[in-house]
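A.B. asks: can you look at this prediction? I've put the sequence above it.
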Amino acid sequence: MIRMDTDVYNIGEVVEFTITNNRKEDLPCSGNPPSFTVRYQKGTGQWVIRMGEEKQGAGTAMKLNPGASTTPYRFRTDGWDAGRYRIVTDCGISREFLLRSIPSMTTAAPYSCSLSANATPFIHISPISNQGAGVPFRISGTTNLPANDVLRYSLFAIVSGTTNITSSRLTSSTITIYEGECGTNTWSVEGVIKVPGDYFIGVSDSRNTVSAVRRFTVLEKTSTAETATLPEETRVPGITTG
């Protein structure tokens, strides 16, 4: 897969991505390191190359091991047209993203949002895609709780072959809420899980009156899976198990 922080960028922003093998077998690439092109979809529906060169060569120059990622690739979008783009790698995988124009500050209508003092408090966890064991990743979400307040999160493993959560927490810590827009603030936690399996993350406020949970999967590596243990210290914010 091609791992990116988002699928929507403003013209002029830097696009950053990595090629990650989330399969159980090696991912062959014809370049070493792997190369890529960026293609743009014209109004006729035709895809044309916007960046990079079409390579005619075939064969395998390198293989990306299961769970492994390349170093980050970056490119700027200054002067590009708004529209639909596609990153195509020589590893046989691709991903699309949208490029949008930045609204004019001189013509934009004044923006106002109506905040309700009686709004029900909430915590949302964004969908979490499958992760690779030992590969850094981020879990994020939104809340209408005040910025700079503290949330608590806990990570639990699921007993193999069941939907039962293990009785002990793998890790637990706190994260700070960052100011967002129109009363919807954000939070995130980054970390690494080395043990493949299914997990639940639970997030709650400091008084444990508002909470949210979400399940996600960590894919196994080719090597023998390690045993999860609770570390003596957890960097804040962060997830580390294995």
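C.D. replies: Ah, there it is. Numbers count the residues shown, from 1 in each chain.
A.B. asks: okay, buried residues for stretch 189-196 please.
C.D. replies: 189, 191-196 (16 or more other CB atoms under 10 Å). For the C-beta atoms, the positions are set from N, CA and C on the backbone; glycine is no exception.
A.B. asks: adding distance to residue 133, secondary structure and pLDDT, write these out as TSV.
C.D. replies: TSV is the format used below for those (distance: CB to CB, whole Å; DSSP: H, G, I helix; E, B strand; the rest coil; pLDDT from 0 to 100):
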residue	distance to residue 133	secondary structure	pLDDT
189	18	strand	92
191	12	strand	87
192	9	strand	90
193	7	strand	90
194	6	coil	89
195	7	coil	88
196	5	coil	90
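A.B. asks: which one of those residues is nearest residue 92?
C.D. replies: Of all these, residue 196 has the smallest distance to residue 92: 24.0 Å, by CB to CB.
A.B. asks: poorly predicted segments of the chain, please.
C.D. replies: 55-59, 103-118, 160-169, 222-242 (pLDDT under 70).
A.B. asks: now do 80
C.D. replies: 54-60, 102-119, 159-170, 221-242 (pLDDT under 80).
A.B. asks: break it into its domains for me.
C.D. replies: Domain ranges of the chain: 2-100, 123-241, per automatic domain parsing.
A.B. asks: any idea how far apart the tips of the first one sit?
C.D. replies: Going back to what we said before, that points to domain 2-100. The straight-line separation of the ends of domain 2-100 (CA to CA, to the nearest Å) is 20 Å.
A.B. asks: save the buried residues of stretch 189-196 as TSV, and put in distance to residue 145 too.
C.D. replies: Converted to TSV, those look like this (distance: CB to CB, whole Å):
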residue	distance to residue 145
189	16
191	22
192	27
193	26
194	31
195	31
196	33
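A.B. asks: which pair of those spans the longest distance?
C.D. replies: 189 and 196 (19.7 Å).
A.B. asks: quick revisit: sort out which one of the buried residues of stretch 189-196 lies nearest residue 159 for me.
C.D. replies: residue 195 (13.3 Å).
A.B. asks: distance check, the closest one against residue 221.
C.D. replies: Plainly put, residue 195 is 10 Å away from residue 221 if you go by CB to CB, to the nearest Å.
A.B. asks: next: residue 121.
C.D. replies: Between residue 121 and residue 221 the distance is 40 Å, computed by CB to CB.
A.B. asks: which of the two has more neighbours?
C.D. replies: The neighbour comparison of residue 121 against residue 221 (other CB atoms under 10 Å) goes to residue 221, with 20 against 11.
A.B. asks: got a list of what the more buried one touches?
C.D. replies: Residue 221 sits next to 65-67, 132-134, 196 when contact means CB atoms under 8 Å, 6 or more residues apart in numbering.
A.B. asks: over to residue 211?
C.D. replies: 123, 202-205.
A.B. asks: what bridges to it?
C.D. replies: residue 204 (DSSP bridges).
A.B. asks: how about residue 98?
C.D. replies: Going by DSSP bridges, residue 98 forms beta bridges with residue 8, residue 84.
A.B. asks: burial of it, as a residue count?
C.D. replies: Neighbour number of residue 98 under other CB under 10 Å is 12.
A.B. asks: again with residue 213
C.D. replies: For residue 213, the count of nearby residues is 14 (other CB under 10 Å).
A.B. asks: much appreciated, bye for now.
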